[in-house]
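can't give you the sequence, but here's the structure:
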Ligand code: 5GP
């Protein structure tokens, strides 16, 4: 059963909820992509932000699903036109979050999930602090991280080595996040992530409809 919460906007009701930006960061291989997919299954009303990147497509990845794959020139144009909410260079490639879809979803009171690195999380925190909840995923051990990168088998040995050498840098950012999950096993990590989203949705300032709801209660309705 999915976890669409009771404070989701019901069609036709004069209630509204402020959209939430849920940011997930981790070193590559800590299970963030798997956790994102599982969280989206649990919360079908959550929408994943699809980033643009200049990184080459990996086997099995689809343009417009996993990323919008663009060349450096297109990325530069988007940046100049201020079409990106945040951007960063990660492992030698550019990544960025298109602003328009996110703004539209938040305006509708919908929640958006971001799989971005610490640089992007910092930029979103500055731009959108109140709408943001950030989660850092840690691997249980370095050995496990390397194993996961190798078994993913989508990257060359050289890329795996490069990602491992960056892992400690990325891990050092853990203390900048609101929540931290150690991914010992995917079931527990998922249930912790679900708990975070549920609690964040219930934060009073996000439940804008409460003002009218409580007024009706006080009027005896
Ligand atoms: P990958 O190439 O493995 O898909 O992603 C590499 C890293 O880039 C991951 O840590 C991922 O979270 C991050 N990333 C993906 N999209 C974005 C984005 O739009 N902005 C930022 N800042 N980082 C991103």
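It's in. It should be emphasised that the depicted structure is a prediction, and the values quoted were computed from it without experimental measurement. Numbering: from 1, shown residues only.

mind giving me the packing neighbours of the one helix or strand residue 148 maps to?
Following DSSP states H and E, one finds residue 148 within helix 142-152. Contacts defined by 3 or more C-beta pairs under 8 Å, 6 or more residues apart in numbering; DSSP states H and E place helix 142-152 against helix 157-171. Every C-beta, even on glycine, is put in place using the N, C-alpha and C of the backbone.

residues contacting the closest residue to the ligand within the chain?
Going by C-beta to the nearest ligand atom, the ligand is nearest to residue 120 of the chain, at 2.5 Å. By C-beta atoms under 8 Å, 6 or more residues apart in numbering, the contact list for residue 120 reads 23, 25, 86, 87, 88, 95, 96, 97, 114.

just those now: which is nearest residue 144?
Distance to residue 144, by C-beta to C-beta, is smallest for residue 25 among these, at 17.9 Å.

can you get me a residue count around the closest one?
Here the number of neighbours of residue 25 (other C-beta atoms under 10 Å) works out to 24.

confidence score at residue 193?
Reading off the confidence values, residue 193 has pLDDT 98.

grab the nearest non-local neighbour of it.
residue 39 (5.5 Å; C-beta to C-beta, 6 or more residues apart in numbering).

list the buried residues in the helix or strand in which the one you found is found.
Residue 39 is part of helix 32-42, with elements assigned from DSSP H and E. Across helix 32-42, burial judged by 16 or more other C-beta atoms under 10 Å covers 32, 35, 36, 38, 39, 42.

with stretch 63-72 instead?
The neighbour-count check on stretch 63-72 (16+ other C-beta under 10 Å) flags 66, 67, 68, 69, 70 as buried.

the third one contacts residue 52, doesn't it?
Yes - between residue 68 and residue 52 a contact is recorded at 4.5 Å, counting by C-beta atoms under 8 Å.

hang on, the earlier thing: separation between the residue nearest to residue 193 and residue 210?
25 Å (C-beta to C-beta, to the nearest Å).
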